[in-house]
Structures are given as C-alpha cells and as structure tokens.
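Visitor: For reference, the sequence and a predicted model appear below.
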Amino acid sequence: DMNLPTIETRDRPKGYVGVKCPMFSFTRLRGSDPVLGVEMASTGEVACFGETKEEAFLKALLSTNFEILNKNVMLSVQESLQEDVTHCAYQLHELGYTIWATKDTAAVLEKNHVPCKVVSYPTERGTAAVEGLPNVVDMLKNKEIGLVINIPTHGSKRLEDNYQMRRTAVDYGIPLLTNMNLVKVFADAIHIHEKEGFVGLQPVSLFEHYNKETNEDAWTDPTEFH
C-alpha cells in the first residue's frame, strides 16, 4: 500500500501549493445574476501550482483568461464589509490603481485615508442628487473600468444597482470579483507579484515540484508515485 497522508495530516506537501480556479459561462446566460450561491455553477476548472498560495492563485486565475483591462478598479460592497475591504483597496492604491467607489463605500475609504473617486449608482442616472458624478454603468460600457469588485450579502439593500453593476461587467467582458475572501487573496497576490507586469509566475509543472522535493519532504516513499 502507498503511504499516503491521512486526513488529519498537516503541512503536506511542503514547498508548493495547488489552487483550483473555476470558470463560468455567465456571458451565455443572458440576464442571469453573476453571483455565486450554493449551487454548482462552474463549467470548467483550472488547477495550477506555485511555491506559495498567492503564486498558485494568480497562475490559476490568469489561466481562466482573467485580464485586468486597465488600472481603474470599481469598488462597491455592502456596509458590513466596508471595513474589511479598506486594506485591500489600499494595497491596490499602492500599486497605482485608481479606486472608484459608490457613495457609501467611498465614505468609508476616505475616512480610512484611502484615495478614491465617487461614482453614481446605475439607477441614479440623470438625477439632480448626483449631478456631475459619472455613472458606473456608463463607465463600464465605455471600458473605463478594468476590474469590478461588488460584494453583496443578505443585508444588501441596493439589489437592482448591484445586479446592474455585476451584469454589465460580465456583458462587457470586465473581470468581476464577488467574494470578500477572494478579494483578500487577490489583493495580497498582486501586491506580491505585480511589478511592471506580473513577475514570479513562471510555469512549473507538478512533476517539477516533485523533483525539487527531498526524500524527507515526499508524501510517500521516494520510490512511489505521489
């Protein structure tokens, strides 16, 4: 029998991490809300390996044709998550990204000294209350935004506005993140690897990682396949 690690085993394997990234077909599902629930919604997956979680994550993400179109990031999160997202926004700001945010999110960012610009909600187009502010949907349609971060929760109140932001992003081929944990890993990953283009992301196969292992690091007996 192979000496495979048991469920309670920790820190195996050492020296590399695997991350699997799902792929979705929301562009083919006209009108659907591109936000994830408990149902299986992916139509494919990409698994990549790296020396760290961040490296493997970025490799997997980029392998799904995830491409940030420019350095303008649209940020709109539910009130309970606004403090959590502040650090992520600052990491992006440090890399030269311009943060655009809806009114309430912008207020939290400004309070925490994260520079940002305010946009109006989709349903506020043409109203006197937001005169002079660009509308987020118009910016998305004009490809002025390179990445959309919109994180709804059960407490979200602007359901139509959130839906329009997410749906427009998908319809116009703009990357969309809708999960707070994902946003945190994403911000950490590009903060580590982005430097005049992504660096430290050379393709390395699983078997190349195997070859780097010492006999003590191997999952199994050195003569066994693992």
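Guide: Looks like it came in fine.

Visitor: in the helix or strand bottoming out on mean pLDDT in the chain, what counts as buried?
Guide: Of all the helices and strands that make up the chain, the one with the lowest confidence by mean pLDDT, DSSP states H and E is helix 206-212; it has a mean of 74. Residues 209-210 are the ones in helix 206-212 that count as buried (16 or more other CB atoms under 10 Å). To be clear about C-beta, it is placed using only N, CA and C from the backbone, and glycine gets the same treatment.

Visitor: which residues of this protein fall in strands?
Guide: Along the chain, the stretches classed as strands by DSSP state E are 17-23, 44-50, 72-77, 98-102, 117-119, 147-151, 176-177.

Visitor: For the shortest one, which strands pair with it and how are they oriented?
Guide: Strand 176-177 sits in its sheet next to strand 147-151 (parallel), going by DSSP bridges.

Visitor: What about Ile99, how many residues nearby?
Guide: 22 (other CB atoms under 10 Å).

Visitor: Thought Cys116 was touching it, still the case?
Guide: Yes - between Ile99 and Cys116 there is a contact at 4.1 Å, judged by CB atoms under 8 Å.

Visitor: got CSV for the strands of the chain, with distance to Phe207 and mean pLDDT too?
Guide: Output for the strands of the chain, formatted as CSV (distance: least, CB to CB, whole Å; pLDDT from 0 to 100):
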stretch, distance to Phe207, mean pLDDT
strand 17-23, 13, 86
strand 44-50, 10, 86
strand 72-77, 37, 94
strand 98-102, 41, 96
strand 117-119, 47, 95
strand 147-151, 34, 94
strand 176-177, 32, 92
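
Visitor: Generate TSV for those, with distance to Ala169 as supplementary columns.
Guide: Rendered in TSV, the data for the strands of the chain read as follows (distance: least, CB to CB, whole Å):
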stretch	distance to Ala169
strand 17-23	16
strand 44-50	20
strand 72-77	8
strand 98-102	13
strand 117-119	13
strand 147-151	4
strand 176-177	4
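
Visitor: With respect to Tyr210, which of these lies nearest?
Guide: Proximity to Tyr210 (CB to CB) singles out strand 44-50 among the strands of the chain, at 10.1 Å.

Visitor: Convert the closest one to CSV, retaining C-alpha atoms only.
Guide: Backbone C-alpha positions of strand 44-50 (Å, rounded to 0.1, in the frame of the first residue of the first chain) are rendered in CSV as follows:
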residue,chain,number,x,y,z
GLY,A,44,-14.7,24.2,-16.1
GLU,A,45,-11.7,24.5,-13.8
VAL,A,46,-8.0,25.2,-14.0
ALA,A,47,-5.6,23.9,-11.4
CYS,A,48,-2.1,25.5,-11.0
PHE,A,49,0.8,25.0,-8.7
GLY,A,50,3.2,27.5,-7.1
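
Visitor: Using neighbour counts, pick out the buried residues of it.
Guide: 46, 48-50.

Visitor: what residue ranges in the protein score low on pLDDT?
Guide: The chain contains residues with pLDDT under 70 at 1-13, 25-29, 31-34, 36-42, 126-129, 195-200, 217-226.

Visitor: Let me see the ranges of the helices in it.
Guide: Listed in chain order, the helices of the chain (DSSP state H) span residues 53-63, 82-94, 103-111, 136-141, 159-171, 180-193, 206-212.
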